[in-house]
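[1] Sequence and predicted structure are below.
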Amino acid sequence: MEFILQNEIKILGEDVTISLEEEKRLDRVSNILIVASGKSHETLPPHDEEYPVEIRFNYGTCETCGMMSGGYYEAILQIRADNRQLSDEEKMQLTEKVRDMTIARYKADDKAFITTIQDDKYGLDFYIGSEHLCKYIADELELQYLAERKENYSLVGEDKAGNKKYRITILIKLPHFSVGDFISIDDEPCQILAMGRNTLTCFALKRRERFSINPKSSKWRTLEFLAPVSARHEFMIVTYVYGQPVTLMDAKNYETVDVEESIFDFEITAGITVYGVRFDDTLYILPNQEEIEIVQS
């Protein structure tokens with residue numbers, strides 16, 4: 001109200017100050033007292049002039065808010081996972097990503113809003129006001145998660161001019177594996193360290209090397225899922241003497257096992273926690289698992 005009144009008030013004298021005081025406020029009416037202090041003419045002494053103003057409010061809804069409250073949407077973004085359910089953590093991360101991208105596009109697209117989010121055992125469904133926004137989000141998720149993508153248009157009616165109106169549904173299917181899981185590439189067991197921008201960053205458990213691979217690589221066709229990250233075991237280094245096998249104790253069943261010190265590519269210290277996984281009766285020591293969280297974030 002102050003901003004509107006300041007633009008409406010015309011000051012006729014010099015060195016005049018304006019103050020506004022709200023005397024009474026109802027739901028749709030406000031009584032304002034405008035006080036002008038100064039000289040109305042150079043020959044007159046300074047004095048105050050008061051002008052009572054009644055402001056009446058007429059509430060309305062902008063076009064964008066009207067579409068949101070009416071449940072308007074042009075596209076549906078479906079997010080699923082291949083032969084598995086989305087984890088709660090994945091659902092939380094995906095929802096945050098979709099919301100952040102929607103907020104970032106709001107200034108450029110007045111239909112950049114999410115009408116409804118459906119969360120069930122099959123995955124997530126986002127009902128999005130803008131088809132352009134839906135395609136933009138789908139592009140980002142497809143690259144970030146190396147996902148499969150399918151699009152389908154369905155006829156929903158006609159506009160006033162008789163033109164047919166279609167609604168798009170985009171399915172983004174995440175791969176069976178995720179960060180931390182174990183896969184085989186060219187018959188070598190690996191752990192996934194990161195996924196992003198159409199690239200998979202892995203750690204080769206035999207060679208003890210980090211490498212990257214993308215769907216265009218010839219070795220991508222050899223990729224097979226081995227086990228989820230929950231297959232890893234937590235061990236504590238019990239004893240270590242230079243040049244001798246390292247004794248590990250399983251944190252679950254307290255069984256001990258001796259392994260060669262050559263399989264460690266980090267400093268061996270008694271008492272520290274390490275992680276390992278078994279494939280074909282071979283125990284592989286995993287890289288620093290904190291590194292996975294850092295890369296993933």
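    In hand now; what should we look at? If you're wondering where the values come from, they're calculated on a predicted model, not measured in any experiment.
[2] hey, let's count contacts and neighbours off CA atoms from now on
    Will do.
[3] Surely E42 is in a helix?
    No - counting by DSSP: H, G, I helix; E, B strand; the rest coil, E42 is not part of a helix but coil.
[4] mind checking how far it is from E96?
    Note on E42: its distance to E96, by Cα to Cα, to the nearest Å, is 63 Å.
[5] Check E8 too.
    For E8 relative to E96 (Cα to Cα), the value is 44 Å.
[6] okay, the two: which has more neighbours?
    Taking other Cα atoms under 10 Å, E8 and E96 do not tie; E96 has more neighbours (12 against 9).
[7] what kind of secondary structure is that one in?
    helix.
[8] K111 contacts H132, doesn't it?
    No - between K111 and H132 there is no contact, the gap being 9.1 Å when judged by Cα atoms under 8 Å.
[9] who's more crowded, the two?
    Legend: neighbour count by other Cα under 10 Å for K111 and H132, higher for K111 (24 against 15).
[10] can you tell me which residues contact that one?
    64, 129-130 (Cα atoms under 8 Å, 6 or more residues apart in numbering).
[11] List only buried entries from those.
    64, 129-130 (16 or more other Cα atoms under 10 Å).
[12] ranges for the strands of the stretch 151-297 of the chain?
    Taking DSSP state E, counting those that start in this stretch as the test, the strands found in the stretch 151-297 of the chain are 164-174, 182-185, 188-196, 199-204, 209-213, 224-227, 233-239, 246-250, 256-259, 273-279, 282-285.
[13] Turn those strands into a markdown table, including mean pLDDT and mean neighbour count.
    A markdown table is the format used below for the strands of the stretch 151-297 of the chain (pLDDT from 0 to 100; neighbours: other Cα atoms under 10 Å):
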| stretch | mean pLDDT | mean neighbour count |
| --- | --- | --- |
| strand 164-174 | 94 | 18 |
| strand 182-185 | 97 | 21 |
| strand 188-196 | 94 | 22 |
| strand 199-204 | 95 | 20 |
| strand 209-213 | 94 | 14 |
| strand 224-227 | 96 | 16 |
| strand 233-239 | 94 | 18 |
| strand 246-250 | 94 | 20 |
| strand 256-259 | 92 | 15 |
| strand 273-279 | 94 | 16 |
| strand 282-285 | 93 | 16 |
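[14] what about those, which gets the closest to E2?
    Closest approach to E2 among the strands of the stretch 151-297 of the chain (Cα to Cα): strand 164-174, 44.3 Å.
[15] Next, the residues that contact the closest one from outside, please.
    By Cα under 8 Å, 6+ apart, strand 164-174 touches 74-82, 131, 134-135, 138, 141-142, 145-159.
[16] Tell me the strands beside it, with direction?
    Partner strands for strand 164-174, per DSSP bridges, with pairing direction: strand 75-81 (parallel), strand 148-158 (antiparallel).
[17] Any chance of CSV for the strands of the stretch 151-297 of the chain, columns distance to Y59?
    Putting the strands of the stretch 151-297 of the chain into CSV (distance: least, Cα to Cα, whole Å) gives the following:
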stretch, distance to Y59
strand 164-174, 32
strand 182-185, 58
strand 188-196, 46
strand 199-204, 51
strand 209-213, 57
strand 224-227, 58
strand 233-239, 62
strand 246-250, 67
strand 256-259, 73
strand 273-279, 62
strand 282-285, 66
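[18] Mind listing what's buried along stretch 37-45?
    37-40.
[19] Same check on stretch 19-38?
    Buried, per 16+ other Cα under 10 Å, within stretch 19-38: 20, 30-34, 36-38.
[20] quick one: average pLDDT of it?
    Mean per-residue pLDDT for stretch 19-38: 89.
[21] From one end of it to the other, what's the distance?
    Start and end residues of stretch 19-38 are separated by 12 Å (Cα to Cα).
[22] between the contacts of K111, which is nearest E50?
    T64 (40.1 Å).
[23] buried ones in stretch 137-153?
    137-138, 140-142, 144-149.
[24] Just send the residues you listed back as JSON lines, with pLDDT, distance to N198 and secondary structure too.
    Putting the buried residues of stretch 137-153 into JSON lines (pLDDT from 0 to 100; distance: Cα to Cα, whole Å; DSSP: H, G, I helix; E, B strand; the rest coil) gives the following:
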{"residue": "I137", "pLDDT": "97", "distance to N198": "15", "secondary structure": "helix"}
{"residue": "A138", "pLDDT": "97", "distance to N198": "13", "secondary structure": "helix"}
{"residue": "E140", "pLDDT": "95", "distance to N198": "10", "secondary structure": "helix"}
{"residue": "L141", "pLDDT": "95", "distance to N198": "10", "secondary structure": "helix"}
{"residue": "E142", "pLDDT": "94", "distance to N198": "8", "secondary structure": "helix"}
{"residue": "Q144", "pLDDT": "91", "distance to N198": "6", "secondary structure": "helix"}
{"residue": "Y145", "pLDDT": "92", "distance to N198": "7", "secondary structure": "coil"}
{"residue": "L146", "pLDDT": "92", "distance to N198": "5", "secondary structure": "coil"}
{"residue": "A147", "pLDDT": "93", "distance to N198": "9", "secondary structure": "coil"}
{"residue": "E148", "pLDDT": "94", "distance to N198": "11", "secondary structure": "strand"}
{"residue": "R149", "pLDDT": "96", "distance to N198": "13", "secondary structure": "strand"}
